[in-house]
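> Need coordinates for the following:
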Amino acid sequence: MRRQDKEITDNRIIQEILEKSAICRLGLVDKDEAYIVPTNYAYENGLIYIHSAPAGRKIDLIKRNNRITFEIEYSCEIIRSEIPCNWTTVYRSVMGKGTIFLENDPESKKRGLDLIMLKYGAAMELNYDESLLSRMIILKLRIDSITGKQSGNWQ
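Residues are numbered from 1 along each chain as shown. Next comes the predicted model:
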């Protein structure tokens, strides 16, 4: 990392970013161009769970190459200044690389959906209609490497 003064080295902070952020952006490769997809997700024990339709560009690209990058930002605030070039941003984020797997097993789907639903605030008993489960898959992203970065006063 070029700006080592902004690097997050505390694993507890990286875990907090993974657990509390709202959106995970997946970076995939489509021949000679980048393809970025924002997703809802849940994190647990080194794995990111994402629900998905079983078909589409994202799935096609994963089937061709399941090595991906991802980015998650926790908080972002623009700090304005009277001087245009003195504007700044307060943020925390992580970027990483991993391997993503398509999970079609009903129990894996339920586990991933449970994590996602609970993360976003579900307060009801989680029972899934089998016909809905049959029309979706869970993407399971195993994090292989991750770095964190922050700017601003986070004490």
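
> Find the residue at the geometric middle of this structure.
Closest residue to the average C-alpha location of the chain: residue 24 at 2.7 Å, with Cα atoms, centre = their mean.

> List the residues that contact that one.
Contact analysis of residue 24 by Cβ atoms under 8 Å, 6 or more residues apart in numbering lists 38, 39, 40, 41, 48, 50, 70, 71, 72. C-beta here means a position set from N, CA and C on the backbone, and glycine is covered the same way.

> same deal with residue 117?
Contacts were defined as Cβ under 8 Å, 6+ apart; by that measure residue 117 touches residue 126.

> Tell me the backbone dihedrals of it, please.
phi -60, psi -40 (degrees, to the nearest 10).

> So it versus residue 61, what's the distance?
As judged by Cβ to Cβ, to the nearest Å, residue 117 and residue 61 stand 26 Å apart.

> related to what we said a few turns ago, count of residues packed around the closest residue to the residue nearest to the centre of the chain other than its chain neighbours?
Computed as Cβ to Cβ, 6 or more residues apart in numbering, the closest residue to residue 24 that is not its neighbour in sequence is residue 41, at 4.2 Å. Residue 41: 26 surrounding residues under other Cβ atoms under 10 Å.

> Residue 41 is in contact with residue 71, isn't it?
No - here residue 41 does not reach residue 71: they are 11.7 Å apart, not a contact under Cβ atoms under 8 Å.

> mind listing the strands for the protein?
Along the chain, counting by DSSP state E, strands occupy 7-8, 24-30, 33-39, 42-44, 47-52, 67-79, 88-103, 137-151.

> Can you list the strands that the longest one pairs with?
For strand 88-103, the paired strands and their directions (DSSP bridges) read strand 67-79 (antiparallel), strand 137-151 (antiparallel).

> between these, which gets nearest to residue 131?
Among the strands paired with strand 88-103, the nearest to residue 131 by Cβ to Cβ is strand 137-151 (14.5 Å).

> got any ranges where this protein has weak pLDDT?
When the per-residue scores of the chain are filtered using pLDDT under 70, the ranges that remain are 1-3, 5-6, 153-155.

> rerun at 90
1-10, 74-92, 104, 106, 121-134, 149-155 (pLDDT under 90).
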